[in-house]
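J.: with the sequence up front, the predicted model follows.
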Amino acid sequence: MADSETSLMGDVFRPYEKLVEITILGKTFLVPERNSLLRAFQFISPETIPYGRFCWNQECQYCKVNCRLSDDDRARPILSCKFIVSEGMNISGLAPELVGCLRTKLGAVASSAPSIRESAEIASALDRNGNGAHAVPSDSNFPTEVAYRPLYQDKSSDLKP
Ligand code: FES
């Protein structure tokens with residue numbers, strides 16, 4: 001990476017001293033600590049995440065993921081623009097915009113990512129049980145696969161019947 005690119009990348013991240021390991025759909029990545037999970041996704045895919053339709057402000061919910069923390073017993077829906085990345089995060093589901101942006105980094109596993117409907121059901125269950133301390137609220141405005149087409153698409157998959 002050229003010096004100018006390194007400088008440009010460094011400007012968007014909060015200062016960090018080490019990288020932490022996270023898992024996304026079974027693939028492991030090293031990302032900078034002390035940054036939001038969405039910023040970590042940008043570290044993984046700097047050529048797509050900045051051009052995704054993300055508000056970076058906890059409003060659009062296009063950054064929603066299902067995530068299990070290292071000290072938790074199950075996955076919970078969170079907004080990646082809000083949540084700080086931590087060692088051992090295990091992400092088992094991604095909103096369509098994130099799938100599109102991370103598709104080239106995730107490879108074939110991106111095609112089998114759990115649907116956003118499943119994420120909404122988990123969020124709804126968390127709300128009913130009152131366990132929403134760091135869960136995002138369930139809402140009907142969250143984009144579905146039918147109504148929402150991610151900005152980034154794997155063109156080769158469009159060719160399949
Ligand atoms: S980027 Fe919009 S809610 Fe996270």
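T.: Sure, I can see it. Numbering: from 1, shown residues only.
J.: which residues in this structure form strands?
T.: All strands of the chain, identified by DSSP state E, fall at 19-24, 27-32, 64-68, 76-79, 90-94.
J.: mind putting these into CSV with mean pLDDT, distance to the ligand and mean neighbour count?
T.: Bear in mind the C-beta positions are built from the backbone N, C-alpha and C, glycine included. Below are these laid out as CSV (pLDDT from 0 to 100; distance: least, Cβ to the nearest ligand atom, whole Å; neighbours: other Cβ atoms under 10 Å):
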stretch, mean pLDDT, distance to the ligand, mean neighbour count
strand 19-24, 97, 16, 18
strand 27-32, 97, 17, 16
strand 64-68, 96, 7, 23
strand 76-79, 96, 5, 23
strand 90-94, 96, 12, 22
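J.: which one, of these, ends up nearest to Ser112?
T.: Nearest to Ser112 among these is strand 90-94 (10.7 Å), distances taken as Cβ to Cβ.
J.: how big is the angle separating the closest one from strand 19-24?
T.: Here the directions of strand 90-94 and strand 19-24 differ by 50 degrees (axes from the mean of the first three to the mean of the last three Cα atoms, to 10 degrees).
J.: pull the CA atoms of strand 90-94 into PDB?
T.: These are the backbone C-alpha positions of strand 90-94, laid out as PDB (Å, rounded to 0.1, in the frame of the first residue of the first chain):
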ATOM      1  CA  ASN A  90     -18.500 -14.000  15.900                       C
ATOM      2  CA  ILE A  91     -20.800 -12.500  13.300                       C
ATOM      3  CA  SER A  92     -23.300 -15.000  12.000                       C
ATOM      4  CA  GLY A  93     -25.600 -12.700   9.900                       C
ATOM      5  CA  LEU A  94     -25.300  -9.500   7.900                       C
END
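J.: can you list contacts of it?
T.: 22-25, 37, 64-70, 75, 77, 102, 113-114, 116, 118-119 (Cβ atoms under 8 Å, 6 or more residues apart in numbering).
J.: could you rerun that using 10 Å?
T.: 22-29, 37, 40-41, 63-70, 72, 74-75, 77-78, 80, 98-103, 106, 110, 113-116, 118-119, 122 (Cβ atoms under 10 Å, 6 or more residues apart in numbering).
J.: tell me the angle that strand makes with strand 64-68.
T.: 150 degrees.
J.: report the angle between strand 90-94 and strand 27-32.
T.: Going by the same axes, to 10 degrees, strand 90-94 makes 110 degrees with strand 27-32.
J.: partners of strand 90-94, with directions?
T.: strand 19-24 (parallel), strand 64-68 (antiparallel) (DSSP bridges).
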